[in-house]
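Colleague: with the input below, show me the fold.
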Amino acid sequence: MTCQTCKYWTAFKGSKEKGQCRRFSPEVVPETDGGGIATLFFVSTDLKTKWPETLYDDWCGEYESKQAPEPKKTGTEIET
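Modeller: Residues are numbered from 1 along each chain as shown. Presented below is the predicted three-dimensional model:
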């Protein structure tokens, strides 16, 4: 029951170990300017929205297993 096997987790392109949890809406995250006193005191110069980034072997209490999609009915099947 890890992120990798959860239906809400999406791996980053080209990675099997890092990804995003898309269980809830993206979160507002402060972003610093990349240096100086502002970074030291966590003064935000910009706000972004991001989904939480997780590793494939992380886990949480919201886990739901990925399930194979059910086959589509073509209209010719007979239900019994």
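Colleague: report the beta-bridge partners for D46.
Modeller: Beta bridges link D46 to E31 when assigned by DSSP bridges.
Colleague: just checking, it touches V29?
Modeller: No - the pair D46 / V29 is not scored as a contact, 9.5 Å apart, by CB atoms under 8 Å. Every residue, glycine included, has its C-beta placed from N, CA and C.
Colleague: when those two are compared, which one has more neighbours?
Modeller: V29 (13 against 9; other CB atoms under 10 Å).
Colleague: contacting residues for the more buried one?
Modeller: Counting by CB atoms under 8 Å, 6 or more residues apart in numbering, V29 touches 47-50.
Colleague: got any ranges where the protein has weak pLDDT?
Modeller: 32-45, 68-80 (pLDDT under 70).
Colleague: same thing but 90
Modeller: Low-confidence segments of the chain (pLDDT under 90): 28-48, 67-80.
Colleague: before we move on, back to that, which one among the contacts of V29 gets closest to Q4?
Modeller: Nearest to Q4, judged by CB to CB, of the contacts of V29 is K50 at 19.7 Å.
Colleague: just the contacts of V29: which are in strands?
Modeller: Among the contacts of V29, the members falling in strands are 47-50 (criterion: DSSP state E).
Colleague: the strands in this protein, which residues?
Modeller: In the chain, the strands defined using DSSP E lie at 9-11, 18-21, 27-31, 46-50, 53-55.
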